[in-house]
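Student: One predicted model, sequence on top.
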Amino acid sequence: PLHIISRAMLSLRCAAGTALSAILLIEAVNGLHVPTASAPTLAQSVLKASARRAEPSLLRTSAAQRKGEVASQQPLRLKGGDGALVSYMFALFKAIVGSGILSLSSGIAAFSNDKKMIWPAVAVSGVFGFLSAYCYALIGQVCELTGARTFQDCWAKSIGESTAWIPGLACTLQTAVACTCYSIIIGDLGRDLTKAFGVQGFFANREKLLMTVAALVLLPLCLLRSFAMLAYTSMLGVAGVLYVAVFMTLRWFQGEYTPSGTMYKQLPASGLPSYGTSFQPVKTLILMAMLNTAYHAHYDAPRFFHQIQPPSMSKFNTLVYTSFAAAAVICSLIMVVGFLTFGGNASSLILNSYASKDLLAILGRLGCGASITFSYPLVFNGFRTGTFALFGHKPSTLQNDLFAVGTVAATTSIAMVMNDLGFMVSFAGALLGSSIIYVFPAMMHIAASKTKGSELGTAYYASHGIAGLGVVLGLVGALVSYLKSFTNVLD
C-alpha cells in the first residue's frame, strides 16, 4: 500500500540522520506532553501497559501485544491447576531465556583470557541465578501478603500508589533498550550473512543493510494494526537459543576453532582465539551486569503466582526454582563454551566470533535473526504502550504510526553508530535490571511484611541486604561498563 511505502521512505531518511533528530521527532509526536494524570492513575496504567520483560528477547507475548492494542496488556494467560505445573515451568523458562545470553561469553573475556576463569564465572552465574529466583519468589510472597495480582498492585499495596509509576518507568525504558539491542543484533547478523552468501556492493555495508531492513521490514511490521500473525515467533526464539547452544558445544568439542581446525583458518587475525593469564577483578562487574539481563523475567511473577490454583507458595517456589535452574544451565553452557572456543576474543555477540562460512553458524544466525526481526514489533508495542500510559494519553492512529517511525529511526540510528551489544546489555542490566530484579522486589517485600504485621523473620532482614546489593551492583556496574567501553581507565 502507498501509505506503507511512504512511511518506509520516511524511515530511510530518519535512519540516515542522527539519533538526536529521531528523538526530537518522538517528542513532537507526543506534543511535548507533561503528566497531567494523578499519581494513582499513572500507577494503575503504567505497569499494565509496559512490556513484561525488557531484555534483548520476546519469548513471551501478550494477547494485547499481538492484537496491537494500546490499552491494558495481559502479559500471560495460562489455564489449569496443579496438573499444569510442568507447562508453567516451560512458560517461565521461555520468559527467562533470551538473546541476552549471547553476550555472556564476552562477560568473561572482559575480565580475563584465562580458561581457568570459567569456574568462578559459572559460580557467579549460579549465584546470580539463585538470587534472581529468590527475588522472583519474593514477589509471590508479596502477592500472598497483600492479595496483589499484578506487579503494579504489589508496589501500590505495599509501598504506595503515589510512587507506583517508578517501576513502570523502569520497565518501559527497558523495552526501549531492548529495541536498540535488537537493531544492533540485526545489523551484526545481517552483515555476517551477506559475507556468507558472497553479497557485495550496497548490501555488504552494515549501515546500509540495517537502514534497508529497518525501512522495508521493521517499520511495516510496527505499523501493523494487529500483531496476531507474530503470535508464534516465541517458539522460534526458544528453538534458536537451544540450537545455538548445541552447535557451539559441537564446534568446541570438534576443535574446529583450534589452530589445527578448518574453521580457524577462516578467521581474521583480529578474531583468532586468545588465551593467557590476565585477570582484572573489577571488570567481573561487567559479567554480573550482563547476568541481570539473562535472568530478567520478574514482571510476570504475580501472573504465574495466581495461575497456580489455589495459590501456593510451596508450589510457586517449585515452579520458580526449577525454571531458573534450567535457564541457568543454558546460560552457563553458552557462556562457557563460547569463552573456551575464543577466549579473550569472544565477541559481545558470540555469533560474530564464528567464521562467516561456518554452515552451523549460518543456520544459527538465520534462526536468531528471524526470531529477533519478528519480535522487534512486539517489544516496540510494549514500549509505545508504556510510554503513552506514562503520560496518561490514549494515542490516535496517526500518533501510533508516527511513534513507530520515530522509534525505528532512533533505534536504527543508534545501532548504526554503536555496535557494542555487550555495553548495551551490561549498562542496562546494571541500572534497570538490578532495579527490577533485586531492588523493587526487596523493597516491596520489606514494606508488605511491615504493613501486614507478619513475623519479621530472616527473609525480612535478607531483603534489606538484597536491596542494598542491588543498588551497589547497579551503580558500580553501570560505571564500570561505561569506563570499559569508552575510556582506558580500567586497562
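Tutor: Structure's in. What do you need? Residues are numbered from 1 along each chain as shown.

Student: Check the gap between Thr322 and Ser356 for me.
Tutor: 38 Å (C-beta to C-beta, to the nearest Å). For every residue, glycine as well, the C-beta is placed using N, CA and C.

Student: For the helix or strand Leu479 falls within, list every residue counted as buried.
Tutor: Taking DSSP states H and E as the definition, Leu479 sits inside helix 458-486. Across helix 458-486, burial judged by 16 or more other C-beta atoms under 10 Å covers 459-460, 463, 466-467, 470, 473-474, 476-478, 480-481, 483-485.

Student: Which two of those residues have the greatest separation?
Tutor: Farthest pair in these (C-beta to C-beta) is Tyr460 and Ser485. Separation: 38.2 Å.

Student: Tell me the buried residues in the host helix or strand of Gly140?
Tutor: Assigned by DSSP H and E, Gly140 falls within helix 118-146. Residues 118, 120-122, 124-126, 128-129, 131-146 are the ones in helix 118-146 that count as buried (16+ other C-beta under 10 Å).

Student: For that helix, name the packing helices and strands.
Tutor: Packed against helix 118-146 by the contact rule (3 or more C-beta pairs under 8 Å, 6 or more residues apart in numbering; DSSP states H and E) you find helix 104-109, helix 151-158, helix 284-294, helix 301-307, helix 313-342, helix 440-451, helix 458-486.

Student: Relative to Val246, which of the ones you listed is closest?
Tutor: helix 313-342 (9.4 Å).

Student: Under the pLDDT cut-off, which ranges of the protein? List them.
Tutor: 1-83, 231-235, 452-455 (pLDDT under 70).

Student: could you redo the last one with a cut-off of 50?
Tutor: Filtered on pLDDT under 50, the chain yields the residue ranges 1-82.

Student: Quick check: Tyr243 vs Gly237, distance?
Tutor: Distance from Tyr243 to Gly237, by C-beta to C-beta: 11 Å.

Student: need the contact list for Asp192.
Tutor: By C-beta atoms under 8 Å, 6 or more residues apart in numbering, Asp192 lies in contact with 351-352, 356, 361, 365.

Student: And those residues, which is closest to Val408?
Tutor: Nearest to Val408, judged by C-beta to C-beta, of the contacts of Asp192 is Arg365 at 21.7 Å.

Student: Quick check: chain neighbours aside, which residue is closest to that closest one?
Tutor: Nearest non-adjacent residue to Arg365, counting by C-beta to C-beta, 6 or more residues apart in numbering: Leu189, 4.7 Å away.

Student: Give the helix, strand or coil label for the one you found.
Tutor: helix (DSSP: H, G, I helix; E, B strand; the rest coil).

Student: How many neighbouring residues does it have?
Tutor: 22 (other C-beta atoms under 10 Å).

Student: I'd like the distance between it and Phe423.
Tutor: From Leu189 to Phe423 the distance is 18 Å (C-beta to C-beta).

Student: cool, Ser99 as well?
Tutor: Ser99 is 15 Å from Phe423, by C-beta to C-beta.

Student: and what of Leu359?
Tutor: 30 Å.

Student: Then Thr411?
Tutor: Taking C-beta to C-beta as the criterion, Thr411 is separated from Phe423 by 15 Å.

Student: I believe Ala410 is in a helix; please confirm or correct that.
Tutor: Yes. Assessed with three-state DSSP, Ala410 lies in a helix.

Student: which residues sit in contact with Tyr243?
Tutor: 363-364, 367.

Student: Put together CSV for the residues you listed, with distance to Ala448 on each row.
Tutor: Shown next, in CSV, are the contacts of Tyr243 (distance: C-beta to C-beta, whole Å):
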residue, distance to Ala448
Leu363, 48
Gly364, 44
Gly367, 42
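
Student: which of those residues count as buried?
Tutor: Among those, the ones that count as buried by 16+ other C-beta under 10 Å are 364, 367.

Student: From the contacts of Tyr243, which land in strands?
Tutor: Of these, none are assigned to strands by DSSP state E.

Student: closest to Phe227 among the contacts of Tyr243?
Tutor: The closest of these, once distances to Phe227 are taken by C-beta to C-beta, is Gly367, at 20.4 Å.

Student: And for the closest one, nearest residue in space, chain neighbours not counted?
Tutor: Leaving aside its sequence neighbours, Gly367 sits nearest to Gly240 (C-beta to C-beta, 6+ apart; 4.0 Å).

Student: Show the contacting residues for Lys115.
Tutor: Going by C-beta under 8 Å, 6+ apart, Lys115 touches 275, 339-340, 343.

Student: returning to that earlier point: more neighbours: Ser99 and Phe423, which one.
Tutor: Counted by other C-beta under 10 Å, Ser99 and Phe423 do not tie: Ser99 has more neighbours, with 29 against 21.

Student: correct me, but the more buried one touches Ile184?
Tutor: No. Using C-beta atoms under 8 Å as the test, Ser99 is too far from Ile184 to be in contact (10.4 Å).

Student: Could you give the backbone dihedrals for Asp114?
Tutor: When read as degrees, to the nearest 10, the backbone of Asp114 gives phi -90, psi 130.

Student: how much space between it and Phe324?
Tutor: Distance from Asp114 to Phe324, by C-beta to C-beta: 28 Å.

Student: Pick out whichever of those two has more residues nearby.
Tutor: Phe324 (24 against 16).

Student: mind listing what the more buried one touches?
Tutor: 96, 129-130, 132-133, 136, 295.

Student: okay, those in JSON lines with distance to Ala214 next?
Tutor: Formatted as JSON lines, those follow (distance: C-beta to C-beta, whole Å):
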{"residue": "Ile96", "distance to Ala214": "28"}
{"residue": "Gly129", "distance to Ala214": "34"}
{"residue": "Phe130", "distance to Ala214": "39"}
{"residue": "Ser132", "distance to Ala214": "33"}
{"residue": "Ala133", "distance to Ala214": "37"}
{"residue": "Tyr136", "distance to Ala214": "34"}
{"residue": "Tyr295", "distance to Ala214": "30"}
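
Student: Test my guess that Leu390 contacts Ile166.
Tutor: No. Using C-beta under 8 Å, Leu390 is not in contact with Ile166, being 10.8 Å away.

Student: Give me the more crowded residue out of these two.
Tutor: Set Leu390 next to Ile166 and count neighbours by other C-beta under 10 Å: Leu390 wins out with 20 against 17.

Student: roughly how far apart are the more buried one and Ser347?
Tutor: For Leu390, the distance to Ser347 - C-beta to C-beta - is 35 Å.

Student: Now Ile96. Nearest residue, chain neighbours left out?
Tutor: Ala327 (4.1 Å).

Student: That neighbour and Met335, how far apart?
Tutor: Taking C-beta to C-beta as the measure, Ala327 falls 12 Å from Met335.

Student: swap in Phe304?
Tutor: Distance from Phe304 to Met335, by C-beta to C-beta: 26 Å.
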